[in-house]
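Engineer: Predicted model and sequence follow; I will ask about them next.
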Number of protein chains: 4
Amino acid sequence: MKEYAYKLKMKVRDYECDLEGIVNNANYQHYMEHTRHEFLLEAGISFAEMLEQNIVSVVARITIDYKTPLRSRDEFLSCLNVRLEGIRYVFCQDIYRVSDMKLAAKGKVDVVCLVDGKLSRCPELEEKLKAHCPEL
Amino acid sequence: MKEYAYKLKMKVRDYECDLEGIVNNANYQHYMEHTRHEFLLEAGISFAEMLEQNIVSVVARITIDYKTPLRSRDEFLSCLNVRLEGIRYVFCQDIYRVSDMKLAAKGKVDVVCLVDGKLSRCPELEEKLKAHCPEL
Amino acid sequence: MKEYAYKLKMKVRDYECDLEGIVNNANYQHYMEHTRHEFLLEAGISFAEMLEQNIVSVVARITIDYKTPLRSRDEFLSCLNVRLEGIRYVFCQDIYRVSDMKLAAKGKVDVVCLVDGKLSRCPELEEKLKAHCPEL
Amino acid sequence: MKEYAYKLKMKVRDYECDLEGIVNNANYQHYMEHTRHEFLLEAGISFAEMLEQNIVSVVARITIDYKTPLRSRDEFLSCLNVRLEGIRYVFCQDIYRVSDMKLAAKGKVDVVCLVDGKLSRCPELEEKLKAHCPEL
């Protein structure tokens, strides 16, 4: 397994599964969002404080590759890295099924910052991210 | 069929169904919330304007009887009445499967108002509700 | 705090919160369903095995009293007891906010069993439930 | 506006919005799934019948570009085209806010078919798709 800046163990809830008995595709996006927010919280990054400094972060694009479907009661490890691409903060988010560590889904989430309403890099955010992702 | 103050036709979306191929129980609550909000909108009741007058409305209790499960692609009619019980605005919300008009779910949603932080009846709300529910 | 047959610690996820910054009402029903299923799993009760014996269990009614709203990132303890009322298995499900152990929501979920298509008590289920809920 | 093979008008439901008052990102995936399923239904494509012929279709990848956030009660037009890329059926799914026809989200959903367990093109599916998407 690759190195990750953050890992969160979670478990499929039955209501997240659909007709076919597998986790509905949109729920992987929920898992990734929750993982990202938990990571940012641990990194000491507060959306509320950022807002006070007139910094807004938004998801500009998401790509998810579906590899192996998770099923009812599966445990999974939701992992995350961040890198910088131009002015985009790119979160690479991989989800592994715990039972055999097979890759269930591979996500790429591009986040951009609006500082005073203008798209730009955000030094406050980068500083804190760097403490947790040395490769940033 | 009974008389209702408001009716909304909707259709089951596949992602609302679970492992057993029927609509997950919690989604009926979503259907009822959406119906209630659409009704209030039509009745000219705005949460935003109420907030400006320091009026907050909250759901205090919900009861749902599950009668006939809705399935993928079923159309349903979500119906609503309101009555007053003490300081509670009670929304009676019935959901019928369109194909045979069988009752799918029967909800009772108790809403209370906090006016300046105190539980009390809300004349502004009642006036607008009465225009749509003569029996109130 | 009362005695409970089962307790599960969970944490609010941001996507479960709505416009007002509090957990959307329907999500409490999701929390309760997940808690119930985890409890049944621990009690060794398998829906799949029950189905093979032609036993189907369905939620007939749910009542939730909303007491204190949970917010983004709140941890909560989802607790459960079961008792028998006629042919109904009644799950009493209380959710407490961990920070101050205030009651957030109080649920009552009535489950009935169809054995060979007929509403009736289910000895197989009761035996396993009793091992975890002596008061049943 | 571009030409589309299928269009579906929908309306944001309040419970789909999050803390910031805008539709949660994962819900666009729900909108797109519902639109795709409605389109396939109209095109006479039945998952159940396909399964009987041992044909399974799965989403292999999804990409969504978020352009303009939808808000509570916004109406939107969910539009769709399909094209073939190798063995992938690529659904291009654009969502427009009705009030000003601004592009809210732009999706690309890659669907693959497993015929008798093997990844391959599916003539039965293509025939029906072609009747609705001449450019396929």
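Structural biologist: All right, it came through fine.

Engineer: Could I get the pLDDT score of the residue of chain A most remote from its centre?
Structural biologist: Residue farthest from the centre of chain A, counting by C-alpha atoms, centre = their mean, is A:Leu19 at 26.2 Å. At A:Leu19, the model reports a pLDDT of 82.

Engineer: for A:Asn27, same thing?
Structural biologist: Each residue has a pLDDT score; the one for A:Asn27 is 98.

Engineer: Equivalent analysis for the one 3 residues further on, please.
Structural biologist: Predicted confidence (pLDDT) for A:His30: 98.

Engineer: when you scan the lengthiest helix in chain A, is anything in it near chain D?
Structural biologist: Using DSSP state H to define each element, chain A has its longest helix at helix A:25-42. Yes - for helix A:25-42, a contact with chain D is found by C-beta under 8 Å from any C-beta of the partner chain, at A:25-27, A:29-30, A:33. To be clear about C-beta, it is placed using only N, CA and C from the backbone, and glycine gets the same treatment.

Engineer: From those residues, list the ones also adjacent to chain B.
Structural biologist: Applying C-beta under 8 Å from any C-beta to the residues of helix A:25-42 next to chain D, one finds that A:Ala26 fall near chain B.

Engineer: is the lowest-mean-pLDDT helix or strand in chain A anywhere near chain C?
Structural biologist: Scoring the helices and strands of chain A by mean pLDDT, DSSP states H and E places helix A:47-52 at the bottom, with a mean of 81. No - on the criterion C-beta under 8 Å from any C-beta, helix A:47-52 is out of touch with chain C, staying 9.3 Å away.

Engineer: didn't the residue farthest from the centre of chain A look like it was pressed against B:Asn24?
Structural biologist: No - using C-beta atoms under 8 Å, A:Leu19 is not in contact with B:Asn24; the gap is 10.9 Å.

Engineer: Between those two, which contacts overlap?
Structural biologist: B:17-18 (C-beta atoms under 8 Å, 6 or more residues apart in numbering or on different chains).

Engineer: where's A:Val112 relative to C:Lys118, distance?
Structural biologist: 59 Å (C-beta to C-beta, to the nearest Å).

Engineer: actually A:Lys2, not the one I wrote
Structural biologist: 55 Å.

Engineer: buried residues in the longest helix of chain A?
Structural biologist: Using 16 or more other C-beta atoms under 10 Å in any protein chain shown as the test for burial, helix A:25-42 gives A:25-40.

Engineer: now do stretch A:82-89
Structural biologist: Here stretch A:82-89 shows A:82, A:88-89 as buried, counting by 16+ other C-beta under 10 Å.

Engineer: In CSV: the residues you listed, plus distance to chain B.
Structural biologist: Formatted as CSV, the buried residues of stretch A:82-89 follow (distance: C-beta to the nearest C-beta, whole Å):
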residue, distance to chain B
A:Val82, 29
A:Arg88, 29
A:Tyr89, 29
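
Engineer: Which single one of those is nearest to A:Pro123?
Structural biologist: Taking C-beta to C-beta as the measure, A:Tyr89 is the one of those closest to A:Pro123, at 12.3 Å.

Engineer: which stretches of chain A form strands?
Structural biologist: Along chain A, counting by DSSP state E, strands occupy A:6-11, A:55-66, A:75-85, A:88-97, A:102-115, A:118-119.

Engineer: Turn the ones you listed into CSV, columns for mean pLDDT.
Structural biologist: Shown next, in CSV, are the strands of chain A (pLDDT from 0 to 100):
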stretch, mean pLDDT
strand A:6-11, 97
strand A:55-66, 95
strand A:75-85, 96
strand A:88-97, 97
strand A:102-115, 97
strand A:118-119, 94
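
Engineer: thinking again about what came up before, so which of A:Val112 and C:Lys118 has more stuff around it?
Structural biologist: A:Val112 (19 against 8; other C-beta atoms under 10 Å in any protein chain shown).

Engineer: Extract the C-alpha set from stretch A:78-86 and format it as PDB.
Structural biologist: Backbone C-alpha positions of stretch A:78-86 (Å, rounded to 0.1, in the frame of the first residue of the first chain) are rendered in PDB as follows:
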ATOM      1  CA  SER A  78     -10.400   5.700   3.300                       C
ATOM      2  CA  CYS A  79      -7.000   7.200   2.500                       C
ATOM      3  CA  LEU A  80      -5.900  10.600   1.300                       C
ATOM      4  CA  ASN A  81      -2.900  12.600  -0.100                       C
ATOM      5  CA  VAL A  82      -2.800  16.200  -1.300                       C
ATOM      6  CA  ARG A  83      -0.700  17.800  -4.000                       C
ATOM      7  CA  LEU A  84      -0.600  21.100  -5.700                       C
ATOM      8  CA  GLU A  85      -1.300  21.500  -9.500                       C
ATOM      9  CA  GLY A  86      -1.200  25.200 -10.400                       C
END
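
Engineer: What is the neighbour count of A:Ala131?
Structural biologist: Neighbours around A:Ala131, by other C-beta under 10 Å: 12.

Engineer: from the middle of its chain, how far away would stretch A:100-113 be?
Structural biologist: 7 Å (C-alpha atoms, centre = their mean, to the nearest Å).

Engineer: what sits against the nearest residue to A:His34 once chain neighbours are set aside?
Structural biologist: Nearest residue to A:His34, sequence neighbours excluded (C-beta to C-beta, 6 or more residues apart in numbering or on different chains): C:Arg13, at 4.5 Å. Contact analysis of C:Arg13 by C-beta under 8 Å, 6+ apart lists A:30, A:33-34, A:37.

Engineer: of those, closest to chain D?
Structural biologist: Comparing the contacts of C:Arg13 against chain D with C-beta to the nearest C-beta places A:His30 closest, at 5.1 Å.

Engineer: hang on, that closest one packs against C:His30?
Structural biologist: No - A:His30 is beyond contact range of C:His30, at 11.8 Å (criterion: C-beta under 8 Å).
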